[in-house]
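**Student:** pasting the sequence and the predicted model now:
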Amino acid sequence: MPEPSPFMRAALDAAEAVRGATSPNPWVGAVVVRDGEITGQGATSPPPGMHAEAAALAGGEAQGATLYCTLEPCAAFEGKRTPPCVDAIREAGVAKVVVALEDPDPRVSGRGIAALREAGVTVETGDGREEVSRSLRPYLKHRQTGTPYIIAKFAASLDGRTAANTGDSKWITGEAAREVVHRERARVDAILSGSGTVLADDPALTARPGGILPGRQPVRVIVDARGRVPADAQVFSGPGHVIVAAGEDAPDAWKQQITATGATVIDCERDGTGVNLQQLLPALARRGIMSAWVEAGSTLLGSLFDGGHVDELWAFLAPRIIGGRGAPAVGGEGVQRVADAHALREVVVEQVGNDILVRGYTGRWDNPGD
Ligand SMILES: NC(=O)c1ccc[n+]([C@@H]2O[C@H](COP(=O)([O-])OP(=O)(O)OC[C@H]3O[C@@H](n4cnc5c(N)ncnc54)[C@H](OP(=O)(O)O)[C@@H]3O)[C@@H](O)[C@H]2O)c1
């Protein structure tokens with residue numbers, strides 16, 4: 001994979017710093033370069049805030065400068081909330097724009113670059129394309145398929161168990177692994193879990209990197225087909241919005257209690273496993289959720305793998321054996337033949353404290369940039 005130029009690397013770093021805080025906009029970074037020096041830098045804010053290019057240009061004089069941006073600058077389209085970046089670039093007198101990746105959003109796709117060229121601005125594309133298309137996987141999948149990018153996480157013993165025979169499940173992995181989980185929760189739009197986990201553990205499911213609870217929290221989404229989660233569960237307190245995906249036939253009185261906590265109840269069709277995920281996932285995407293981090297028991301993880309919904313896996317493995325009939329990390333139907341197993345690509349293995357993290361992509365959604 002060709003390395004991005006140092007200026008595109010700076011734009012990428014600016015983009016990564018706001019990942020998870022820009023929804024439904026993509027996390028984009030931009031830097032202004034004059035006489036070989038970075039004179040302005042910006043990253044996307046969530047609506048109605050500025051786009052990265054405008055934020056970078058607001059930093060100072062850009063006459064004759066080169067602008068590096070991770071994604072194609074936006075052009076005007078009907079219903080647009082922010083002023084088009086191509087106008088800001090033209091008005092600032094930028095001479096050249098270096099773009100890593102063309103925007104797949106059909107309202108922009110190629111039109112931003114064409115508008116810049118028409119205005120006499122030199123445009124170069126491709127610097128850092130591979131790395132940006134990997135970084136923006138959730139955005140690209142969301143725009144291409146209308147469903148969120150799904151990252152499954154589990155913590156298991158070396159023999160793949162998430163609990164002992166008795167149901168005891170705390171804690172399988174150590175503090176360092178739990179800190180990584182909090183950091184990753186803060187980088188997604190939603191955390192998805194099941195009624196089984198809420199009933200068993202009563203988790204808060206908030207992102208608390210470094211032990212700090214930021215006001216901006218990912219949306220917590222609980223699938224609860226039968227209406228079993230109590231309204232006083234911890235998940236309904238704390239900052240951030242909560243969505244409960246319930247069966248249409250779940251009791252109305254329960255739905256009212258959940259709504260009274262400030263949460264939103266979405267009525268969903270049911271299938272053999274609970275809430276119909278095929279219907280729920282696009283509904284979440286329509287609410288601007290581009291990425292969801294799943295922290296659930298074996299039942300929901302099994303349904304997500306069976307349905308081919310999982311794009312990325314983060315498996316934390318503790319160097320210990322639980323044995324017995326404790327719950328496996330992933331349930332569901334599973335595959336019929338080992339050859340059909342969900343195999344990971346671009347596998348990374350890291351030691352986190354005393355635990356091992358194995359992560360990779362399932363390739364269920366084919367990123368054209370991969
Ligand atoms: N080690 C880890 O990483 C980890 C993480 C989280 C939880 N856990 C452990 O997992 C255990 C709970 O496991 P679990 O399997 O009962 O919980 P779960 O997977 O979190 O929740 C399962 C429940 O979600 C509901 N659901 C709704 N739609 C569904 C669908 N399409 N597919 C699957 N489920 C759907 C079902 O109940 P309804 O039919 O009532 O809706 C189902 O019983 C706890 O002991 C907890 O400690 C471990």
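**Tutor:** Everything's here; your move.
**Student:** pLDDT weak spots in this protein?
**Tutor:** The chain contains residues with pLDDT under 70 at 77-81, 369.
**Student:** and the gap between Arg187 and Pro251?
**Tutor:** As judged by Cβ to Cβ, to the nearest Å, Arg187 and Pro251 stand 36 Å apart. Placement of C-beta: from N, CA and C, glycine included.
**Student:** who has more neighbours, the two?
**Tutor:** Neighbours were counted for Arg187 and for Pro251 using other Cβ atoms under 10 Å; Arg187 has more, 19 against 12.
**Student:** relative to Glu312, how far out is that one?
**Tutor:** Distance of Arg187 to Glu312, computed by Cβ to Cβ: 12 Å.
**Student:** try Arg286
**Tutor:** Going from Arg286 to Glu312 by Cβ to Cβ gives 22 Å.
**Student:** and the two? Which one has more around it.
**Tutor:** Ranked by neighbour count (other Cβ under 10 Å), Arg286 and Glu312 place Glu312 first, with 24 against 11.
**Student:** how far away is that one from Ala225?
**Tutor:** When Glu312 is compared with Ala225 (using Cβ to Cβ), they lie 25 Å apart.
**Student:** residue contacts, the closest residue to the ligand within the stretch 251-370 of the chain?
**Tutor:** Residue of the stretch 251-370 of the chain nearest the ligand, by Cβ to the nearest ligand atom: Gly297 (1.8 Å). Contacts for Gly297 (Cβ atoms under 8 Å, 6 or more residues apart in numbering) come out as Thr162, Gly194, Gly196, Thr197, Ala200, Ala327, Gly331.
**Student:** now it: closest residue in space that isn't a chain neighbour?
**Tutor:** Spatial nearest neighbour of Gly297, excluding adjacent residues (Cβ to Cβ, 6 or more residues apart in numbering): Gly196 at 4.7 Å.
**Student:** kindly report the residues of the stretch 201-350 of the chain close to the ligand.
**Tutor:** 201, 223-226, 228, 273-275, 277, 295-300, 303 (Cβ under 6 Å from any ligand atom).
**Student:** out of these, list just those in strands.
**Tutor:** In this view, those that belong to strands under DSSP state E are Val223, Asp224, Gly274, Val275, Glu295.
**Student:** can I get those in CSV with neighbour count?
**Tutor:** Formatted as CSV, these follow (neighbours: other Cβ atoms under 10 Å):
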residue, neighbour count
Val223, 29
Asp224, 24
Gly274, 22
Val275, 28
Glu295, 23
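**Student:** please parse the chain into its domains.
**Tutor:** Structural domains assigned to the chain are 6-135, 140-361, following automatic domain parsing.
**Student:** okay but Gly93 is in contact with Ala62, surely?
**Tutor:** Yes - taking Cβ atoms under 8 Å as the definition, Gly93 is a contact partner of Ala62 at 6.3 Å.
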